[in-house]
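Q: the following comprises the amino acid sequence and a computationally predicted model.
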Amino acid sequence: MEVDKGGYWEFLLGAKLRMTHGDRFQDLFNEFMLRVHGDDFTPIKPHGSQGDRGMDGALGNDVFQCYGAENGHVIDAARICRKMTADFNRACATMPTMKRWRFAHNLVDGVSRPLLDTLEEIKALAAAKNIEVGFFGLHSFRMLLRQMSDDDRTAVLGVRAQEDMMLARLPEAINSLIAALISGASQCSSSVRECVPA
């Protein structure tokens, strides 16, 4: 029987995002983007003293900045908000062709209010430059996940969903088998009693 794996893949995605923070989150984001967009997506890493110039990745004229919160919680919101604004300004200065700026995050349960307020402030700055600004969160990761093959999902999330689902159902299957054997044995026992002379 083929199992519908969509919901299970999304469950694994949420768990993976919660567990991945800092540079590991940026690596996870890059892995998703590369598997869906191939060489059209360019991961950006600091080299020497040059830094990343406000960019963690680029897809054409789209620029991405990553923030991987530890355990899905923002500890120092003021610092992250300052970094968001500084990264946006650096990206504007170093990539004049930028059309979209996305703040990629792993906040599966929702962003904190200061991050939302800062994004709105950045949107106001971006409007004058005709740049579209937004978050890249759980919904965007789900969209990428749906575009991947099962092999890519397995490589990124680290498990085979169908096999795990079947394994999770194994106790249920064993219980059903045992119940059937007991029922069969009970019927056989009744039949034997009927056949034995008194």
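A: All right, it came through fine.

Q: identify the residues contacting the spatially most central residue of the chain.
A: Centroid-nearest residue in the chain, with Cα atoms, centre = their mean: residue 13, separated by 4.1 Å. When contacts are counted by Cβ atoms under 8 Å, 6 or more residues apart in numbering, residue 13 touches 138, 141-142, 145, 157. The C-beta positions use only the backbone N, C-alpha and C, and glycine is treated the same way.

Q: buried subset of those?
A: Among the contacts of residue 13, those buried by neighbour count (16 or more other Cβ atoms under 10 Å) are 138, 141, 145, 157.

Q: residues in contact with the host helix or strand of residue 116?
A: Residue 116 is located in helix 113-127, with elements delineated by DSSP states H and E. Helix 113-127 is contacted by residues 74, 77-78, 80-81, 84-85, 88-89, 101, 103, 105, 107, 132-135 when judged by Cβ under 8 Å, 6+ apart.

Q: repeat that with 7 Å
A: 74, 77-78, 80-81, 84-85, 88, 101, 103, 133, 135 (Cβ atoms under 7 Å, 6 or more residues apart in numbering).

Q: again with stretch 62-82
A: 18, 20-22, 24-26, 29, 54-57, 87, 91, 95, 98-109, 112, 114-115, 118, 136.

Q: what about those, which are in helices?
A: Counting by DSSP state H, the part of the contacts of stretch 62-82 found in helices is 18, 24-26, 29, 87, 91, 114-115, 118.

Q: give the next helix or strand downstream of whatever helix or strand residue 144 lives in.
A: Assigned by DSSP H and E, residue 144 belongs to helix 138-147. Note on helix 138-147: by DSSP H and E, the next helix or strand toward the C-terminus is helix 150-157.

Q: any idea of the angle that following helix forms with helix 138-147?
A: Following axes from the mean of the first three to the mean of the last three Cα atoms, to 10 degrees, one obtains 140 degrees for the angle between helix 150-157 and helix 138-147.

Q: against which helices or strands is helix 150-157 packed?
A: Counting by 3 or more Cβ pairs under 7 Å, 6 or more residues apart in numbering; DSSP states H and E, the packing neighbours recorded for helix 150-157 are helix 6-19, helix 23-37.
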